[in-house]
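[1] Mind looking at a prediction? Sequence and model below.
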Amino acid sequence: MAAPLELRCWGGGWGLPSVHSESLVVMAYAKFSGAPLKVNVIDNTWRGSRGDVPVLTTEDNIVSQPAKILNFLRKQKYNADYELSAKQGADTLAYIALLEEKLLPAVLHTFWVESDNYFTVTKPWFASRMPFPLSLILPGRMSKGALNRILLTRGEPPLYHLRDVEAQIYRDAKECLNLLSNRLGTSQFFFGDTPSTLDAYVFGFLAPLYKVCFPKVQLQEHLKQLSNLCRFCDDILNSYFRLSLGDG
């Protein structure tokens, strides 16, 4: 009998199984590949000291970071990409790199750096799932980590004004969303009728942006104009997560 697979991740709200993009990528891939994950959602009894989830544990392994977790699942024969051609596999890597360079900074900014969103939505939500005194410390640390990650993707320091960087981040993200919308077209998934790794990444990055109720919705408004991407997120939620959703 295979060793049990346990995923430690942030939980859900707003109709999502997780509001955390990287947790959502892994959860979606597991659903697509049939990996029997036992999901352990972080709550206020959490003993961790940092927000570095998702983490996959088995009897013999502890694996963190979505790309490494997905590679581990593939080695366990849970492969959502076995029907892809070599070109589609190469396209997957290229699109994931694009998502991480062009879209992820804007997702991180929307959640963790945009002050109205952070103080009214992100910080209270994450703090409510952490024990005291971690709830006072960790959201701020996660916000700083998100800002550092954004600045790393912009390259070429020194940066002049965060406002200039911010404008470029959102321009890049909107271009990326347009590209994804054009690539998806009227298809159900990015490579036809079966979801793959790329669908897990796109869903993980888009769904929180689409569903979480923020006061500042610059990128969310753009996404909601791209009806095929919204339909893509809704279809995955309805097909793969309907039975497992909690209120969060």
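    Right, received. Where do you want to start? Numbering: from 1, shown residues only.
[2] Count the residues that sit near S128.
    Residues near S128, counting by other C-beta atoms under 10 Å, number 11. Heads up, the C-betas are built off the backbone N, CA and C, glycines and all.
[3] if I look at it, how far off is Y118?
    Computed as C-beta to C-beta, to the nearest Å, the S128 to Y118 distance reads 14 Å.
[4] same thing with L108?
    Between L108 and Y118 the computed distance is 11 Å (C-beta to C-beta).
[5] So which residues lie in contact with stretch 218-238, not counting its own?
    Applying C-beta atoms under 8 Å, 6 or more residues apart in numbering, the contact partners of stretch 218-238 are 15-16, 28, 106-107, 110, 170, 173-174, 177-178, 180-181, 184-186, 188-189, 195, 199, 202-203, 206-207, 209-211, 214, 245.
[6] can you rerun that using 6 Å?
    For stretch 218-238, contacts defined as C-beta atoms under 6 Å, 6 or more residues apart in numbering pick out A106, T110, A173, K174, L177, S181, L184, F203, L206, A207, L209, Y210.
[7] just stretch 5-19 next, same as before
    20, 23-24, 27, 37-42, 53-58, 207-208, 211-212, 241, 244-245, 248.
[8] Distance across that stretch, terminal residue to terminal residue?
    End-to-end distance of stretch 5-19 (C-alpha to C-alpha, to the nearest Å): 21 Å.
[9] before we move on, what about stretch 34-43?
    Taking C-alpha to C-alpha, the first and last residues of stretch 34-43 lie 26 Å apart.
[10] which residues in this protein form helices?
    Assigned helices in the chain, in chain order: 21-33, 66-75, 86-98, 104-108, 115-117, 123-127, 134-154, 162-184, 197-211, 218-224, 227-240 (criterion: DSSP state H).
[11] elements contacting the second one?
    In this case it means helix 66-75. Using 3 or more C-beta pairs under 6 Å, 6 or more residues apart in numbering; DSSP states H and E, the elements in contact with helix 66-75 are helix 21-33.
[12] between the helix it packs on and helix 197-211, how big is the angle?
    Helix 21-33 runs at 130 degrees relative to helix 197-211, counting by axes from the mean of the first three to the mean of the last three C-alpha atoms, to 10 degrees.
[13] Thank you, goodbye.
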